[in-house]
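>>> got a structure for you, letters missing:
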């Protein structure tokens, strides 16, 4: 069975297709995967498809979804925590972040991934986030322990064969935070909000100067103040859509968090979860 075809069901592209009433991939998968070929609600179809991936093809989507359900929702609260994915940090892209009282980065290494860039990635993430973990299956543990001996700045979480997230090494608190890297993660409304909370309303300056003005204010903060402002701004401006998350099955939690869907498409997908596939 081609499980990478099944993984396409959980892509941003497919979310949009379903919202716009294109069910061709669902029909194709129903034929290809016999376990899915029965009349059922769309939400059940997604959950059963996800179960097949969880047991046969644990790609990046699956691991992010496990982090979302077991850590963001299972240990924290959607009211006080925010999960972000695919965040550019310097020359790297952090797979998954959870911001609450602390900032924690989760770098995902699936069984299909290499660890060749991990040193470079860790060097970036530990300069921005208070905690950094590598989440990986058993296949990578031996190599990760060796890397940790040389660079004990991160923690290790194993995605076990039974799909539990097992803490192997706790992440130390980072002592290397870099205000430059932090500021460059922020979007304009976020850094303007921080600047105004300190300076008051911004002066009447050209748009081209706003970035530099706000950056100067941010750089003038103590590291503790900058880190606190950074976390608060991300939580405020990138808050997860609680209503969407609650309207979708658990297999789609990461989709609700990661994909930039229009309001219309969010509403459409939520509604269609109750459709019976053969009656759409």
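Cool, the structure landed. Computed from a prediction, not measured in an experiment: that's the story for all the values here.

>>> Is residue 221 in contact with residue 177, as I believe?
No - assessed by CB atoms under 8 Å, residue 221 is found out of contact with residue 177, at 11.7 Å. No exception for glycine: its C-beta is placed from N, CA and C like everyone else's.

>>> where in the stretch 51-200 of the chain is pLDDT low?
Of all residues in the stretch 51-200 of the chain, none has pLDDT under 70.

>>> Which residue ranges of it form helices?
Under the criterion DSSP state H, counting those that start in this stretch, helices of the stretch 51-200 of the chain are mapped to 60-67, 118-125, 141-150, 179-185, 188-199.

>>> Which strands and helices lie in contact with the third one?
Packing partners of helix 141-150 (3 or more CB pairs under 8 Å, 6 or more residues apart in numbering; DSSP states H and E): strand 155-159, strand 165-169.

>>> How about residues contacting that helix?
With CB atoms under 8 Å, 6 or more residues apart in numbering as the contact definition, helix 141-150 has outside contacts at 109, 115, 118, 119, 134, 136, 154, 156, 158, 168, 169.

>>> As CSV, those with distance to residue 8 and neighbour count would be great.
As requested, the contacts of helix 141-150 are exported to CSV (distance: CB to CB, whole Å; neighbours: other CB atoms under 10 Å):
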residue, distance to residue 8, neighbour count
109, 22, 22
115, 26, 15
118, 27, 20
119, 32, 11
134, 26, 28
136, 23, 24
154, 31, 24
156, 30, 20
158, 27, 20
168, 32, 15
169, 34, 16
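
>>> how near is residue 14 to residue 114?
27 Å (CB to CB, to the nearest Å).

>>> one step back: can I get the helices and strands packed on helix 141-150 in JSON lines with distance to residue 28?
Below are the helices and strands packed on helix 141-150 laid out as JSON lines (distance: least, CB to CB, whole Å):
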{"stretch": "strand 155-159", "distance to residue 28": "29"}
{"stretch": "strand 165-169", "distance to residue 28": "32"}
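
>>> looking at this protein, which residue lies furthest from center?
residue 204 (36.7 Å; CA atoms, centre = their mean).

>>> State the distance from it to residue 212.
With CB to CB as the criterion, residue 204 and residue 212 are 15 Å apart.

>>> Same check on residue 164?
47 Å.

>>> can you check residue 257 too?
On the measure of CB to CB, residue 257 and residue 212 end up 32 Å apart.

>>> More neighbours: the two, which one.
residue 257 (23 against 10; other CB atoms under 10 Å).

>>> The more buried one belongs to a helix, doesn't it?
Yes - counting by DSSP: H, G, I helix; E, B strand; the rest coil, residue 257 is part of a helix.

>>> Contacts only, for it.
So residue 257 contacts 68, 72, 83, 84, 85, 240, 241, 245 (CB under 8 Å, 6+ apart).

>>> switch to 7 Å and redo it
Residues near residue 257 by CB atoms under 7 Å, 6 or more residues apart in numbering: 68, 83, 85, 240.

>>> Would you mind measuring from the first one to residue 250?
Computed with CB to CB, the distance linking residue 68 and residue 250 is 9 Å.

>>> more neighbours, those two?
More crowded of residue 68 and residue 250, by other CB under 10 Å: residue 68, with 26 against 16.

>>> Let me see the contact set for that one.
So residue 68 contacts 83, 253, 254, 257 (CB under 7 Å, 6+ apart).

>>> For PyMOL, write the selection for the buried entries among the residues you listed.
The following PyMOL line selects those of the contacts of residue 68 that are buried, judged by 16 or more other CB atoms under 10 Å:
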select buried, resi 83+253+254+257
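
>>> nearest spatial neighbour of the residue nearest the centre of the chain, skipping sequence neighbours?
Central residue of the chain (CA atoms, centre = their mean): residue 85, 2.9 Å from the mean position. Nearest residue to residue 85, sequence neighbours excluded (CB to CB, 6 or more residues apart in numbering): residue 258, at 4.4 Å.

>>> Residue 28 versus the one you found, what's the distance?
Taking CB to CB, one finds residue 258 at 23 Å from residue 28.
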